[in-house]
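1. sequence? don't have it. structure:
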């Protein structure tokens, strides 16, 4: 239930930040808390899903939303870092829950890791889509990677017969990676189509291209309707998140969650 409370709170905080009414708060809290587990049960063929057989989860979501409405004045003043930190705790807990349920059903390790990922990530994806945000798992920060790493640690230790440490080390792995990503703004690199001047590839091959040359080429993002024959050559380049923010500042959304 701790994970349900934490994920419900993250949904409430995002609803407050998106200026939603109490119904919007309830919907975001519910999909965040039980959305991932619902998809997991549907994929595993569990009927009915967990929150129908045990309505306690629904009551926990309702209690979290009501408590948030009562303390709205204080929640609205919370530091912006509280939302991603709360989300990180919920992610770590739900990864263990999802992987454990798959293993109890006799599923292979790769399926258990996937179910841990689904349980921890899908609810947040639905929440972000409803709030008209690009889901963090799709475009920025180390999120799904942390969930996969935590799930792999849990499954590996269970298979090695050290179940007493599996939960703790899985939580530490997921939470540690996620909090490190939040604190140091860590992120996986992205791939982008950029315009490369005709002479630049040869310069790159010979090592004669300078850093300003590369930056200038990367900054020339394709925005032309000219015929294909007259367009500059395209190249796929891997760029860091910091470079991406400098190239496309209009797409740099609030990284808090």
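-> Noted; the coordinates are in hand. What you see is a predicted model, and the numbers here were worked out from it, not measured in a lab. Residues are numbered from 1 along each chain as shown.
2. give me the helix or strand of the protein that scores worst on average pLDDT.
-> Across the helices and strands of the chain, mean confidence by mean pLDDT, DSSP states H and E is lowest for helix 200-206: a mean of 52.
3. okay, buried residues for stretch 123-134 please.
-> Across stretch 123-134, burial judged by 16 or more other Cβ atoms under 10 Å covers 123, 124, 125, 126, 127, 128, 130, 131, 133. Just so you know, the C-beta spots here come from the backbone N, C-alpha and C atoms, and that holds for glycine as well.
4. typed the wrong thing, it's stretch 77-96
-> 83-96.
5. what's the span of stretch 70-78 from first residue to last?
-> This stretch, stretch 70-78, spans 15 Å end to end (Cα to Cα, to the nearest Å).
6. quick one: residues in contact with it.
-> Residues outside stretch 70-78 that contact it (Cβ atoms under 8 Å, 6 or more residues apart in numbering): 12, 13, 16, 68.
7. let me know the closest of the residues you listed to residue 150.
-> Among the contacts of stretch 70-78, residue 13 lies closest to residue 150 (Cβ to Cβ), at 22.6 Å.
8. give me the three-state assignment for that closest one.
-> Classification of residue 13 using DSSP: H, G, I helix; E, B strand; the rest coil returns helix.
9. isn't it up against residue 81?
-> No: here residue 13 does not reach residue 81: they are 11.0 Å apart, not a contact under Cβ atoms under 8 Å.
10. mind listing what the most centrally placed residue in the chain touches?
-> Residue closest to the average C-alpha location in the chain (Cα atoms, centre = their mean): residue 137, at 3.3 Å. When contacts are counted by Cβ under 8 Å, 6+ apart, residue 137 touches 121, 124, 125, 143, 144.
11. what's the closest non-adjacent residue to the third one?
-> I take that to be residue 125. Of all residues not flanking residue 125 in the chain, residue 135 sits nearest, at 4.4 Å (Cβ to Cβ, 6 or more residues apart in numbering).
12. OK, contacts around the one you found?
-> Contacts here follow Cβ under 8 Å, 6+ apart; on that basis residue 135 touches 124, 125, 128, 129.
13. with residue 113 instead?
-> Residues near residue 113 by Cβ under 8 Å, 6+ apart: 99, 148, 151, 152, 155.
14. ok, it to residue 131 distance?
-> Using Cβ to Cβ, to the nearest Å, one gets 28 Å for the distance from residue 113 to residue 131.
15. one step back: ramachandran angles for the residue nearest to residue 125?
-> Residue 135 adopts backbone torsions of phi -50, psi 140, taken as degrees, to the nearest 10.
16. please enumerate the helices of this protein.
-> 2-17, 22-44, 50-53, 56-70, 72-75, 82-104, 109-130, 136-139, 144-159, 163-184, 200-206, 211-219, 241-247 (DSSP state H).
17. those helices into TSV, with extra columns for distance to residue 190?
-> Converted to TSV, the helices of the chain look like this (distance: least, Cβ to Cβ, whole Å):
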stretch	distance to residue 190
helix 2-17	23
helix 22-44	25
helix 50-53	35
helix 56-70	34
helix 72-75	33
helix 82-104	20
helix 109-130	18
helix 136-139	8
helix 144-159	13
helix 163-184	15
helix 200-206	19
helix 211-219	12
helix 241-247	6
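18. good, we can wrap up now.
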